[in-house]
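A.B. asks: Just a sequence and a predicted model for now, questions to come.
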Amino acid sequence: MQQEVIIAGFGGQGVLFTGQLISYAAMDAGKAVTWIPSYGPEMRGGTANCTVVVSDEEIGSPFVKNPTAVIAMNLPSLEKFEDLVETGGVLVVNSSMVNRSVTRKDIKVVSLPANEISETLGSKRSANMVMLGALLANLELLSLDDVEAALEGHLPERHQQYLEANKAALRKGAEYRAAVAA
């Protein structure tokens, strides 16, 4: 199994952290992994994305042309990456920040209001975990338990107060299944 995931959004939405978390969870689960961040000079508020490749075998290249999955945290990310998702792949869209429907019919689409969901859970900053939970429920990548264990083991000390909120956000996001299946 090899999965290539692109996570994209504005700086400050936890895009790079989400990719790092997938990477840590994959390493802890004994998988091969690569993580490549990319962000504009503005950082917070600018565009950011990262590519994560997770495999049961050695990874030939960390670069991805057609990912098996994309998490689009905002409209510019959807515009940039929608057409790149491989046929049969998964596209997870934050409908809180995207005002249009996905046009592709050959992929699984999971559209959810991640910002509103995270607010109802008491943490405006956990929309990225809601989106990750939705991805995990719709793609054979890692289990929720793997990612929760990675949160416990790798969340920086200064963010430990967000641990339970992040776990709750992951679980809530995992309740969302693809509305359109390939």
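C.D. replies: Right, received. Where do you want to start?
A.B. asks: Every contact and neighbour count from this point should use C-alpha atoms.
C.D. replies: Noted.
A.B. asks: Show me the shaky parts of the chain.
C.D. replies: Counting by pLDDT under 70, the chain contains low-confidence ranges at 40-46, 179-182.
A.B. asks: After the helix ranked longest in it, heading C-terminal, what element do we hit next?
C.D. replies: Criterion DSSP state H: the longest helix present in the chain is helix 15-28. The helix or strand immediately downstream of helix 15-28 is strand 32-39, counting by DSSP states H and E.
A.B. asks: helix, strand or coil for residue 58?
C.D. replies: coil (DSSP: H, G, I helix; E, B strand; the rest coil).
A.B. asks: wait, isn't it in contact with residue 34?
C.D. replies: No. Assessed by C-alpha atoms under 8 Å, residue 58 is found out of contact with residue 34, at 10.1 Å.
A.B. asks: Comparing the two, which residue is more hemmed in?
C.D. replies: residue 34 (20 against 11; other C-alpha atoms under 10 Å).
A.B. asks: close enough to count as contact, residue 67 and residue 88?
C.D. replies: No. Contact criterion C-alpha under 8 Å: residue 67 and residue 88 do not qualify, at 10.5 Å.
A.B. asks: For the two, indicate the residue with more neighbours.
C.D. replies: Per other C-alpha under 10 Å, whichever of residue 67 and residue 88 has more neighbours is residue 67, with 22 against 15.
A.B. asks: Wait, residue 172 touches residue 128, no?
C.D. replies: No. The criterion here is C-alpha under 8 Å, and residue 172 misses it with residue 128 at 11.7 Å.
A.B. asks: If you count surrounding residues, which of the two has more?
C.D. replies: residue 128 (29 against 19).
A.B. asks: How far does stretch 96-112 sit from its chain's centre?
C.D. replies: Offset of stretch 96-112 from its chain centre (C-alpha atoms, centre = their mean, to the nearest Å): 14 Å.
A.B. asks: do the same with stretch 163-177
C.D. replies: The answer for stretch 163-177 is 12 Å, by C-alpha atoms, centre = their mean.
A.B. asks: ok, residues contacting that stretch?
C.D. replies: Defining contact as C-alpha atoms under 8 Å, 6 or more residues apart in numbering, one finds that stretch 163-177 is touched by 110, 112, 114, 117-118, 121-123, 126-127, 129-138, 144, 148, 151-152, 155.
A.B. asks: List the buried residues for stretch 9-24?
C.D. replies: 9-11, 13-24 (16 or more other C-alpha atoms under 10 Å).
A.B. asks: Need the max-distance pair from those residues.
C.D. replies: 10 and 24 (22.0 Å; C-alpha to C-alpha).
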